[in-house]
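>>> Below is the sequence, then the predicted model.
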Amino acid sequence: RHVLEIKGLGHTYDDGHRAIDGIDLEVARGELVSLVGPSGCGKSTLLRCVAGLVRPSEGTVAVDGRTVDRVPDDLAVVFQDYTRSLFPWLTVRDNVALPLRRRGLARTERRAAADAALGEVGLASAARKYPWQLSGGMQQRAAIARALAYRPSLLLMDEPFGSVDAQTREDLEDVLLRVRGGTEMTVLLVTHDIDESVYVGDRVVVLTGSPGRVHSDLRVDLPGPRD
Ligand code: ADP
Ligand code: ADP
């Protein structure tokens, strides 16, 4: 069975704006699916429906065979907008460690896992700082570290590397592949960067139009760090 099953998904926002229409998509456990397409084709809307943040007007989203009617338990989301993703009153380390309470980890284990994830994204030295003391790109890396430390079974990322420089972006793409390697983590990654979509994705799903529909669904077979 697929970890993610989307059937006939359509959504019209309250203001009458129709964002997506008739989207069918199945994602196998452990797959990394890149979602690409022009601005406004409904990528974020699709992701919000999967995250349980938008209740779709039509169709269904099922995660692990259960229809999504609220935010699924074993999910992490990285949004494009880093300014709203970290709690300003917590240190970077505590931000990353906080969700791990749901994993039943003790305080020292949570801190160790947080520090390890911060090390992965090159933020070891920022662990004791507060989010507002970091640049935008660093805040975004902290949000990525938080999601990766949680080791969700489903990870949704909406333009996660949009606010970092080109070299850091490449580094973070490799971090994502490394952390995911050997696990069953399923990832949906929205990106406008075609190179990135092919480099990190096992599959590239292209949305087009307004409202957005699936235009094509391509399997990627590249030699690279995954082999
Ligand atoms: P993408 O992520 O591909 O850029 P979005 O899902 O953000 O696309 O948006 C799809 C369409 O829905 C766009 O035309 C956008 O303006 C519209 N839209 C997005 N969010 C809302 C909202 N909260 N209310 C009304 N319209 C929205
Ligand atoms: P993206 O393309 O990355 O999804 P957008 O610029 O389309 O980003 O949207 C940024 C934010 O504005 C989102 O939270 C989206 O829901 C909201 N938004 C976009 N279009 C509309 C709209 N027509 N009406 C209300 N909110 C919108």
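Great, that's in hand. Note that the structure is predicted; figures quoted are calculated from it, not measured. Ligands and ions are numbered 1, 2, ... in the order given.

>>> Contact distance from ligand 2 - what residues of the chain qualify?
Neighbours of ligand 2 within the chain, by Cβ under 6 Å from any ligand atom: 15, 17, 39, 44, 80, 159. C-beta here means a position set from N, CA and C on the backbone, and glycine is covered the same way.

>>> Return only those of those residues found close to ligand 1.
15, 17, 39, 44.

>>> ok now do the spatially most central residue of the chain, which residues does it touch?
With distances taken as Cα atoms, centre = their mean, the chain has residue 157 as the residue nearest its mean C-alpha position (2.0 Å). Residue 157 makes contacts with 77-78, 144, 147, 187-190, as judged by Cβ atoms under 8 Å, 6 or more residues apart in numbering.

>>> Which of the residues of the chain next to ligand 2 fall in helices?
Judged by DSSP state H, helices contain the following of those: residue 44.

>>> who wins for neighbours among the contacts of residue 157?
The most neighbours of any of these, using other Cβ atoms under 10 Å, belong to residue 144, which has 28 neighbours.

>>> Give the other helices and strands that the host helix or strand of that one contacts.
Residue 144 belongs to helix 136-150 when elements are defined using DSSP states H and E. Counting contacts by 3 or more Cβ pairs under 8 Å, 6 or more residues apart in numbering; DSSP states H and E, helix 136-150 is packed against strand 75-78, helix 92-97, helix 107-120, strand 154-158, helix 166-180.

>>> Tabulate the ones you listed in JSON lines, adding columns for mean pLDDT.
Output for the helices and strands packed on helix 136-150, formatted as JSON lines (pLDDT from 0 to 100):
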{"stretch": "strand 75-78", "mean pLDDT": "95"}
{"stretch": "helix 92-97", "mean pLDDT": "98"}
{"stretch": "helix 107-120", "mean pLDDT": "97"}
{"stretch": "strand 154-158", "mean pLDDT": "97"}
{"stretch": "helix 166-180", "mean pLDDT": "95"}
